[in-house]
Structure formats: structure tokens, C-alpha cells
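A.B. asks: Sequence and computational prediction follow.
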Amino acid sequence: MKQKHATTPSLDTLFIKTYGCQMNEYDSSRMADLMHKAYGLRLVAKPEDADVILMNTCSIREKAEDKVYSELGRYRKLKDKNPNMIIGVGGCVGQQEGERIQQRAPYVDAVFGPQSYHQLPEMIHKIRRERVNVTAIDMPEIEKFDHLPTPKGHGSVGFVTIAEGCDKFCTFCVVPYTRGPELSRPVNDILQECQKLLDAGMIEISLLGQNVNAYRGLGPDDEEWDFTMLLYAVAKLDGLKRLRFSTSHPMEMTDELAIAFGELPTLMPYLHLPVQSGSDAILKAMHRGHTRDDYFPIIDDLRKHCPDIALSSDFIVGYPGETNEDFEQTLDLVRRVNYDFAYCFKYSPRPGTPASKSEDNVSEAIKDKRLQRLLELTREQTRAAMKNQIGRTVDVLVEKESKHAGELQGRTADYRIVHFQGQPRQIGQIMPIRITESYGQSLRGELILA
């Protein structure tokens with residue numbers, strides 16, 4: 001531990017920089033709740049206005065660590081002006097890098113992982129009292145949820161983490177090493193948190209997990225509940241109008257879950273189901289645990305029970321050993337499924353993963369070419385899916401004001417973004433919108449007045 005300056009900091013404001021997925025967004029909101037309860041800190045929009053700066057990081061994307069250190073360099077200038085400022089690095093990069101962060105950036109006061117952020121008040125107290133750096137990257141069981149305050153309502157959509165970690169160990173992914181093994185929260189705890197958000201004015205709940213449909217939690221009957229059982233229980237809560245979840249794994253898809261999309265009116269017709277590649281050879285090398293022929297019946301089953309379901313997926317091109325034939329099989333899978341949205345990336349080795357030990361033997365030029373071909377195909381599918389919405393009247397949950405004056409923004413049941421002319425008082429309501437125009441990633445419509 002490093003000795004620090006002697007001035008006792010006065011803490012009033014908090015800035016949180018969040019990277020990555022919805023689970024990180026959820027974690028950041030809970031950090032804000034913790035710091036407000038412990039120190040009365042209020043969130044500010046700019047780091048220069050903060051007494052405490054927290055970075056909630058993600059290890060998934062390329063050069064994640066470099067981006068963190070670059071951001072820290074900017075924060076260092078702020079701390080030079082305000083030595084009492086406290087800087088913390090949390091999330092997956094915090095877990096992965098640990099004390100190396102403070103060795104490289106000694107002005108960082110705290111480093112903590114995704115399973116340790118419930119200890120933030122104690123960390124801050126120790127920093128202030130003893131003038132030391134602290135590191136908390138242990139992976140205790142899912143005890144952190146027992147230490148978090150009652151969630152506060154923000155907007156109309158509430159996020160609830162139902163499970164942490166992943167046991168799939170895909171060769172390209174750092175999540176099992178930064179978030180730990182799969183651990184599911186008890187059913188009653190989840191239902192209580194959901195109900196508190198609904199009581200606070202939320203009307204949509206999104207259930208989160210690295211591998212959400214692998215959920216296996218203790219039910220109120222002391223029996224193990226699977227994910228579909230949990231969905232049906234959440235769907236019965238008072239005040240719920242929309243229910244979503246992410247992210248899912250093909251290995252955990254069941255007939256019962258597909259049936260739920262057809263039976264539960266509040267379960268929205270949208271599913272993100274990453275496949276990563278259409279080549280069996282690459283899927284095996286990735287340790288995905290399924291084949292392309294396992295994937296197609298899942299899609300057929302979903303569309304059988306919910307014909308209008310919108311589907312999205314993740315794809316990685318240029319994985320070590322990927323041949324032209326492997327890539328063509330990915331294009332073939334995309335054509336056969338016909339996605340509404342897709343998220344496509346070039347492979348880059350992530351430190352600490354099994355794949356990082358393999359030779360990255362697909363050139364950047366080939367990766368770029370393959371990525372552009374895949375993007376061209378998936379964007380064409382997205383444009384067609386968007387164009388098919390023109391003329392329809394759809395229910396839109398109004399989430400916020402758009403960047404254009406006088407406009408609002410919301411999402412359809414199948415997760416498409418819609419912009420329309422409206423009044424701020426309509427935020428938080430589900431409004432009927434007739435779609436008039438389509439764009440690459442969003443729609444424009446007109447409010448249907450009664």
C-alpha cells in the first residue's frame with residue numbers, strides 16, 4: 001500500500017464512467033445508490049465536477065485496458081488540481097489488472113472487481129482514514145446483493161441482475177475470469193427487487209445475466225427453479241407491462257422458453273441469441289458447445305411460438321484458423337436466419353483467454369474484408385426489417401427526449417428505436433405510433449391521437 005496525501009477529502013459529488021453491457025449499467029446504478037446511502041453523494045455529469053470518480057470497465061472489446069489508461073490520464077490532470085479527489089477503477093478491467101493499475105497509475109485510489117463493488121463505502125472510508133490505496137478483487141459468492149440498498153427508480157425501465165458469472169469458458173471470452181462462475185440469486189430476492197422497481201414507477205423490467213437463461217436459483221419452495229419458471233413468476237407482478245432479458249446462450253435454450261414467448265403477453269418479442277460463427281470447426285475451436293445445426297431448430301421453435309419475434313446475434317470474424325470456407329458458412333447462417341439486428345466484430349486476442357495463446361493467423365486485411373462483407377449483409381437485413389415497419393401502428397414505450405427539439409424517443413415491443421413529435425409529459429407511457437419512415441438503425445413515426 002502506498003502512503004497518500006494527508007488532507008481529509010470532503011465528498012459531495014460522484015461521477016461514474018460506464019463501459020460495456022447492460023450489466024455494467026446496472027452495476028453503475030447500484031454503485032450510485034451505495035455511495036448516496038453511505039455519503040450522500042449526488043451524481044454529476046462531468047468528471048471535473050466530481051469529488052469521487054469511478055470507472056466501471058469492460059474487458060470484452062479490443063484494447064480495453066489501453067482505453068482505461070487513456071481515460072485515467074485525463075483524470076490525473078483533474079486530481080493534480082484537486083488532490084482530495086478519489087479515483088476508483090472497477091469492473092472487469094479492474095478485476096483483470098488488479099494492482100497493476102496502481103503500479104502504472106499510482107494516483108488511482110481504489111481498484112475493485114464486479115463482485116466487490118458492494119465494499120465501496122468501506123474502501124472509501126479506508127482511503128480517507130488511512131491515506132492508502134486499496135484493492136478488492138476477491139470473488140466472494142453472490143453476497144454483494146445482500147449489501148446493496150433498495151434500488152431506486154430511474155425512468156420507466158428497471159434492470160435486475162438475476163445471476164453473475166459464466167461457466168461456458170468460450171475460448172475468446174474473459175468473463176469467466178473476471179466475473180467468476182455462474183451464481184444465481186434466490187427467486188424471492190429477484191421478485192422483491194422487481195416489485196420495488198415497479199412500485200417506484202417502472203413499467204418494464206429487464207432481467208440480466210452473462211448467461212441469463214442458465215439461471216438455476218433457489219425457489220420459495222426450496223426447490224431449484226430454472227429460468228423459464230422465473231420468467232412466469234416475474235410476469236405475474238403487479239404493475240409490469242413489459243418484460244425482457246439478456247444475454248442468452250444457445251445451449252440453454254429450451255422448448256419451454258420458446259413457448260413462453262407465445263404465452264406471456266408481457267414478454268416482449270425480441271431475443272438476442274449470440275452464435276458467433278456459422279462454421280462448426282470454428283464453433284468447436286471457440287468451445288461454444290453447439291453446432292450450426294443445433295442453432296437452426298432453436299430459431300424455428302421461437303418463430304413457431306412467436307412468429308413476429310425479432311432476433312439479433314453476435315458474430316466474430318477472423319478467429320484463429322478461420323478459413324474462407326468457414327467464413328462463407330457464417331454468411332450462409334446469417335442468410336438462413338435473417339436477423340433483425342447483428343453485432344459484428346473482428347477477432348482480437350483478450351489477455352488471459354485460451355484463444356490468446358493461439359496464433360492470430362488471419363491477417364488484419366482479411367479480417368477487414370470479411371467484416372465488411374458481413375456488415376453489408378446484416379445491414380441489408382436490418383434495413384429490410386426496418387422498412388417492413390412502415391405503415392404499421394406499434395406500441396412504443398417513450399423513454400426520453402430525442403436529441404432533436406420537440407421529439408421523443410422510445411422502443412417498440414421488438415426493441416426498435418422510434419423517434420416522433422411529442423410532449424415530455426408522455427415519457428414513461430406506452431403510446432401508439434404509426435411508422436412513417438425507416439432508417440438504418442431507427443424509425444420515425446407519428447403519434448396516433450385518440
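C.D. replies: Cool, the structure landed. Residues are numbered from 1 along each chain as shown.

A.B. asks: first to last residue in stretch 114-123, what's the distance?
C.D. replies: 14 Å (C-alpha to C-alpha, to the nearest Å).

A.B. asks: er, stretch 31-45 I mean
C.D. replies: 15 Å.

A.B. asks: buried ones in that stretch?
C.D. replies: Across stretch 31-45, burial judged by 16 or more other C-beta atoms under 10 Å covers Met31, Ala32, Asp33, Leu34, Met35, Tyr39, Leu41, Val44. C-betas here are computed from N, CA, C, even on glycine.

A.B. asks: State the mean pLDDT of the longest helix along the chain.
C.D. replies: Determined from DSSP state H, the single longest helix within the chain is helix 364-387. Averaging pLDDT along helix 364-387 yields 97.

A.B. asks: Report all helices and strands that that helix contacts.
C.D. replies: Under the contact definition 3 or more C-beta pairs under 8 Å, 6 or more residues apart in numbering; DSSP states H and E, helix 364-387 sits against strand 310-317, helix 324-337, strand 341-346, strand 430-438.

A.B. asks: Of these, which stretch is the most buried?
C.D. replies: strand 310-317 (a mean of 21; mean count of other C-beta atoms under 10 Å).

A.B. asks: now what about that one, what contacts it?
C.D. replies: Strand 310-317 is contacted from outside by 172, 269-277, 286, 299, 302, 327, 330, 334, 337, 339-347, 367, 370-371, 374, 378, 385, 414-416, using C-beta atoms under 8 Å, 6 or more residues apart in numbering.

A.B. asks: tilt between that strand and helix 324-337?
C.D. replies: Interaxial angle of strand 310-317 relative to helix 324-337 (axes from the mean of the first three to the mean of the last three C-alpha atoms, to 10 degrees): 170 degrees.

A.B. asks: And the contacts of strand 310-317, which of them are buried?
C.D. replies: Among those, those buried by neighbour count (16+ other C-beta under 10 Å) are 172, 269-277, 286, 299, 302, 327, 330, 334, 337, 339-342, 344-347, 367, 370-371, 374, 378, 385, 414-416.

A.B. asks: Now stretch 65-74: average pLDDT?
C.D. replies: Mean predicted lDDT for stretch 65-74 stands at 89.

A.B. asks: mind listing the strands for the stretch 101-250 of the chain?
C.D. replies: Under the criterion DSSP state E, counting those that start in this stretch, strands of the stretch 101-250 of the chain are mapped to 110-112, 134-136, 157-161, 163-164, 183-184, 204-208, 216-218, 224-226, 242-246.

A.B. asks: Which one of the ones you listed has the poorest average confidence?
C.D. replies: strand 134-136 (a mean of 83).

A.B. asks: Partner strands of that strand, with direction?
C.D. replies: Counting by DSSP bridges, the strands paired with strand 134-136 are strand 110-112 (parallel).

A.B. asks: tell me which residues of the strand it pairs with are tucked away?
C.D. replies: Buried, per 16+ other C-beta under 10 Å, within strand 110-112: Ala110, Val111, Phe112.

A.B. asks: rewinding a little: can you tell which of the helices and strands packed on helix 364-387 is closest to Arg128?
C.D. replies: strand 341-346 (41.0 Å; C-beta to C-beta).

A.B. asks: Just the CA atoms of that closest one, as CSV, please.
C.D. replies: The C-alpha trace of strand 341-346 is given here as CSV (Å, rounded to 0.1, in the frame of the first residue of the first chain):
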residue,chain,number,x,y,z
PHE,A,341,-30.1,-6.8,-35.9
ALA,A,342,-26.5,-8.1,-35.7
TYR,A,343,-23.3,-7.0,-33.8
CYS,A,344,-20.2,-7.9,-35.8
PHE,A,345,-16.6,-7.7,-34.6
LYS,A,346,-13.1,-8.6,-35.8
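
A.B. asks: so what secondary structure elements neighbour that strand?
C.D. replies: strand 310-317, helix 364-387.
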